[in-house]
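> Based on what follows, work out the 3D shape:
(chains A and B)
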Amino acid sequence: QVQLQESGPRLAKPSETLSLTCSVSGGSIKSDTFYWAWIRQPPGRGLEWIGSIYYSGSRYYNPSLKSRVTMSVDTSKNQFSLMMRSVTAADTAVYFCAREVGSNSYFDSWGQGTLVTVSS
Amino acid sequence: QSALTQPASVSGSLGQLITISCTGTSSDVGSYNLVSWYQQQPGKAPKLMFYEVNKRPSGVSNRFSASKSGNTASLTISGLQAEDEAEYYCSSYAGSNTFTIFGGGSYLTVL
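Okay, here's the model as predicted:
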């Protein structure tokens, strides 16, 4: 049973960079079947897909966030990461990492989520 | 790309049947059989309920069913139970420029 766990600073300052890492256990990130995704949820609001990455580094992003987002993967640590630049209060959200079955498909396993607050 | 449209809230009594709609366009729901549904309890991560329109992962009760007609997908829950009270989200692939979009969520209240 794969498990995902988000980690990283819970507070980011406006205009700075938000950085999160997702650690995958119970399965290898180097799978032909899965992509690895970030999804966020502002407090009291709905879900927003941020982007997905394959273990080879192939990635695709939400076009509304693409200019500010970079995802990377570290297969030696079985982790993948998110960097979001120039954050504002609107980026305050619970950030989930998730396993995506195939590309542009569905998310079958999720981390518990971590609340990141953007505030000075 | 706009989010998929869901009713903000739905309700039903114990034992009843309810349906939650998810309306998209011919560019997303109408074009691809890549609609999925998620259940989210307060303070928890979403849980996959259906994928590829109507495929139910193991462990999901068969009281839940899902379908699609044209640009609208639907989630139906029969024999409502108190534990079904949660937020439900639909999601769809929306093409190679937009990729994945979610609905705004529907909160189910079990009366």
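> if I've got this straight, residue A:104 is in a strand?
No. Assigned with DSSP: H, G, I helix; E, B strand; the rest coil, residue A:104 falls outside any strand and is coil.
> now for the helix or strand hosting residue A:80, which elements pack on it?
Assigned by DSSP states H and E, residue A:80 belongs to strand A:79-84. In terms of contacts (3 or more CB pairs under 8 Å, 6 or more residues apart in numbering or on different chains; DSSP states H and E), strand A:79-84 is packed against strand A:18-25, strand A:48-53, strand A:69-74, strand A:93-101. Using the backbone N, CA and C atoms, a C-beta is placed for each residue, glycine as well.
> Format the ones you listed as a markdown table; extra columns: distance to residue A:120.
As requested, those are exported to a markdown table (distance: least, CB to CB, whole Å):
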| stretch | distance to residue A:120 |
| --- | --- |
| strand A:18-25 | 14 |
| strand A:48-53 | 23 |
| strand A:69-74 | 22 |
| strand A:93-101 | 17 |
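> Make JSON lines from those strands and add distance to residue A:119, mean pLDDT and mean neighbour count to it.
JSON lines is the format used below for those (distance: least, CB to CB, whole Å; pLDDT from 0 to 100; neighbours: other CB atoms under 10 Å in any protein chain shown):
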{"stretch": "strand A:18-25", "distance to residue A:119": "12", "mean pLDDT": "98", "mean neighbour count": "19"}
{"stretch": "strand A:48-53", "distance to residue A:119": "20", "mean pLDDT": "96", "mean neighbour count": "23"}
{"stretch": "strand A:69-74", "distance to residue A:119": "20", "mean pLDDT": "98", "mean neighbour count": "17"}
{"stretch": "strand A:93-101", "distance to residue A:119": "13", "mean pLDDT": "97", "mean neighbour count": "23"}
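> Next, format these as a markdown table and append distance to chain B.
Putting the helices and strands packed on strand A:79-84 into a markdown table (distance: least, CB to the nearest CB, whole Å) gives the following:
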| stretch | distance to chain B |
| --- | --- |
| strand A:18-25 | 12 |
| strand A:48-53 | 4 |
| strand A:69-74 | 13 |
| strand A:93-101 | 6 |
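> Can you check which of those gets nearest to residue A:41?
strand A:93-101 (4.7 Å; CB to CB).
> what's the burial count for the residue lying closest to residue B:88 once chain neighbours are set aside?
Closest residue to residue B:88 apart from its sequence neighbours, by CB to CB, 6 or more residues apart in numbering or on different chains: residue B:106 at 5.0 Å. Counted with other CB atoms under 10 Å in any protein chain shown, the neighbours of residue B:106 add up to 21.
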